[in-house]
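A.B. asks: Fold the following, please.
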Amino acid sequence: MFDTLSSKLQSAFRNLRGLGKISESNVTDSLREVRLALLDADVNFKVVRDFIDRVKNKSLGQEVTQSIQPGQQMIKIIHDELVELLGAENAGLNLARKPSCLMLVGLHGSGKTTSAGKLARFLQKQGRTPLLVAADVYRPAAMDQLATLGQQLELPVFVRQGETDVLKIARQALEFAEAQQRNTLIFDTAGRLQIDEPLVRELVRLRDLIQPDELLLVLDAATGQEAVNVATHFDQALNISGSILTRLDGDARGGAALSLRAVTHKPIKFAGVGEKLEDFEPFHPERMASRILGMGDVVSLVERAAEAVDIDEAKKLEEKMRKGQFSLEDFLDQLRQMKKIGSLESIVGMLPGGSEMLKSADMGKQEKEFRRMEGIICAMTLKERRTPQILNARRRIRIAKGSGVTVTEVNSLLNKFSQMQQMMKKFGKFQKKMSRMGAGMPGMMRRL
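C.D. replies: Okay, here's the model as predicted:
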């Protein structure tokens, strides 16, 4: 996510940190690299110009704190301005009515249908009862895709194959939602390769009929500066309430995200960060700014982990570790839990300095190693996972053949696991000793 932009900005920051004092000449020189990095990321040139001017004025003004190194102060100003550029704070959904209606609009191929499914999952986890409405009457594949997403989510989808009147579909969907007690309707509308008058007129009629609580523009993050033109046209025609940026996990240079809010003055509400339904998160400007500047996003990482990890299971696992009863079956569960949080690259990227770590480490190789380990353990019987001591030479050969690896790789995994078990036993003994010492402290204090 924004790898190129992040790398170039961090390169510019290395020069900023070396500033001995802030003057108009060295500020101008230092900000030249920042400006070039933003332009190279396909950020709208007017947005870049205004951004650099604000940073420069603040750097030379009274807001500079004398007790902080000048370079560090400038980096803080850039961070704060970047947060402001992205929207200052997360803008949640306004779903006051019952039932609430959300209308997704955008160009063909921007990811509207997938985003509708992701948004439904997000709202479902918030305790709402969504209904997906297939309002794209020109692309039967969109209706089929939405129906498939509904099946995956175990949610109802209102589809009327063959019906070409969008307003009729909308009326029937509202009646269906009331009958089924669904409190949130998500309308997946038609798109075009480019904005045209028939599309806009149809969307305006649909908007006037359902009066959506949220009218969200879905934009592909890789669109670059063209995203600004698309957003401007849709906003002028429909008065959008916000936007959803898709494919932020790809090779997007970041221009759309950094330009969108500044031009439309409408918040980015969600970001699609992968192909899976769970790869969808509220857009937090401060967290995104920190990611772009290589400062990590630990808060989002913790939130992901909290969603993926079962607390009760984690407590049981902690107890097993303390007692030295951690098995290969538990290890397999941990590998799968980590996959739920996200790819190794995305996890490392959320850590402070993670982008620099990704340059030197081969995360792809490590991901393959984890998959290989998972395959080896899956080739074992339940008894073998729980008691790896019974794995003799014959069993190891069978496991190697079953998982498509060599016996050496099976042995390597078992040796590493044995070392891990020994470390956990030592740690468990250390914890017991510390708890006993802690229990005896009150008596010692009284004797003193």
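A.B. asks: next structured bit after the lowest-mean-pLDDT helix or strand in the chain?
C.D. replies: Within the chain, no helix or strand scores below helix 354-360, which has a mean of 57 by mean pLDDT, DSSP states H and E. As assigned by DSSP states H and E, the chain's next helix or strand after helix 354-360 is helix 363-378.
A.B. asks: helices and strands around that following helix, which ones?
C.D. replies: Contact here means 3 or more C-beta pairs under 8 Å, 6 or more residues apart in numbering; DSSP states H and E; on that basis helix 363-378 packs against helix 328-341, helix 344-349, helix 393-403, helix 407-447. C-betas here are computed from N, CA, C, even on glycine.
A.B. asks: angle of that helix against helix 328-341?
C.D. replies: Put simply, helix 363-378 runs at 140 degrees to helix 328-341, going by axes from the mean of the first three to the mean of the last three C-alpha atoms, to 10 degrees.
A.B. asks: what comes up buried for helix 363-378?
C.D. replies: For helix 363-378, burial by neighbour count (16 or more other C-beta atoms under 10 Å) applies to 363, 372-374, 376-377.
A.B. asks: right, and the helix or strand after that helix?
C.D. replies: The helix or strand immediately downstream of helix 363-378 is helix 382-386, counting by DSSP H and E.
A.B. asks: buried ones in that following helix?
C.D. replies: 384-385.
A.B. asks: For that helix, C-alpha coordinates in PDB please.
C.D. replies: C-alpha atoms of helix 382-386 as PDB (Å, rounded to 0.1, in the frame of the first residue of the first chain):
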ATOM      1  CA  LEU A 382      -4.400 -36.300  15.000                       C
ATOM      2  CA  LYS A 383      -2.500 -38.600  17.300                       C
ATOM      3  CA  GLU A 384       0.800 -37.700  15.600                       C
ATOM      4  CA  ARG A 385       0.100 -34.000  16.000                       C
ATOM      5  CA  ARG A 386      -0.600 -34.400  19.700                       C
END
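A.B. asks: got a list of contacts for that helix?
C.D. replies: Helix 382-386 is contacted by residues 327-329, 332, 377, 390-391, 395, 399 when judged by C-beta atoms under 8 Å, 6 or more residues apart in numbering.
A.B. asks: Kindly report the same for stretch 410-417.
C.D. replies: Taking C-beta under 8 Å, 6+ apart as the rule, stretch 410-417 contacts 328, 331, 373, 376-377, 388, 391, 396, 399-400, 403.
A.B. asks: can you do 6 Å?
C.D. replies: 373, 376, 396, 399-400 (C-beta atoms under 6 Å, 6 or more residues apart in numbering).
A.B. asks: now, among those, which is nearest to residue 104?
C.D. replies: Using C-beta to C-beta, residue 373 is the member of the contacts of stretch 410-417 that lies nearest residue 104, at 40.1 Å.
A.B. asks: Now do the closest one, the pLDDT please.
C.D. replies: What the model reports for residue 373 is a pLDDT of 89.
A.B. asks: ok, now residue 404?
C.D. replies: pLDDT at residue 404 comes out at 91.
A.B. asks: Can you tell me the SS state at residue 163?
C.D. replies: Here residue 163 is recorded as coil under DSSP: H, G, I helix; E, B strand; the rest coil.
A.B. asks: Just list the residues touching it, thanks.
C.D. replies: Contacts of residue 163 by C-beta under 6 Å, 6+ apart are residue 169.
A.B. asks: can you do 8 Å?
C.D. replies: Contacts of residue 163 (C-beta under 8 Å, 6+ apart): 137, 169.
A.B. asks: In this structure, what residue spans correspond to strands?
C.D. replies: Applying DSSP state E to the chain gives strands spanning 100-105, 130-135, 157-158, 184-189, 214-220, 242-246, 268-272, 280-282.
A.B. asks: and of the ones you listed, who's closest to residue 42?
C.D. replies: When the strands of the chain are compared by C-beta to C-beta, strand 214-220 sits nearest residue 42, at 12.4 Å.
A.B. asks: CA atoms only for the closest one, dumped as CSV, please.
C.D. replies: The C-alpha trace of strand 214-220 is given here as CSV (Å, rounded to 0.1, in the frame of the first residue of the first chain):
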residue,chain,number,x,y,z
GLU,A,214,-25.4,7.3,2.4
LEU,A,215,-24.6,7.7,-1.3
LEU,A,216,-21.1,6.3,-1.7
LEU,A,217,-18.8,6.6,-4.7
VAL,A,218,-16.7,3.5,-5.2
LEU,A,219,-13.3,4.3,-6.8
ASP,A,220,-10.3,2.2,-7.8
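A.B. asks: what angle sits between that strand and strand 242-246?
C.D. replies: Orientation check (the same axes, to 10 degrees): strand 214-220 against strand 242-246 gives 30 degrees.
A.B. asks: What strands line up against strand 214-220, and which way round?
C.D. replies: strand 100-105 (parallel), strand 242-246 (parallel) (DSSP bridges).
A.B. asks: what's that strand in contact with?
C.D. replies: Strand 214-220 is contacted from outside by 93-95, 100-107, 109-112, 115, 207, 227, 230-231, 234-235, 238-247, 256, 260, 266, 269-270, using C-beta under 8 Å, 6+ apart.
A.B. asks: quick check: angle from it to strand 268-272?
C.D. replies: Using the same axes, to 10 degrees: strand 214-220 against strand 268-272 is 50 degrees.
A.B. asks: model confidence over strand 214-220, on average?
C.D. replies: Per-residue scores along strand 214-220 average to 92.
A.B. asks: and it with strand 184-189, angle?
C.D. replies: Between strand 214-220 and strand 184-189, the angle comes out at 50 degrees (the same axes, to 10 degrees).
A.B. asks: Go through strand 214-220 and flag the buried ones.
C.D. replies: Within strand 214-220, the residues scored as buried using 16+ other C-beta under 10 Å are 214-220.
A.B. asks: Next, format those as TSV and append distance to residue 199.
C.D. replies: Formatted as TSV, the buried residues of strand 214-220 follow (distance: C-beta to C-beta, whole Å):
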residue	distance to residue 199
214	20
215	14
216	16
217	13
218	14
219	16
220	17
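A.B. asks: Now a ChimeraX select for only the buried ones of the contacts of strand 214-220.
C.D. replies: Applying 16+ other C-beta under 10 Å to the contacts of strand 214-220 leaves a buried subset, and the ChimeraX line that selects it is:
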select :93,95,100,101,102,103,104,105,106,107,110,111,112,115,207,227,230,231,234,235,238,240,241,242,243,244,245,246,247,256,260,266,269,270
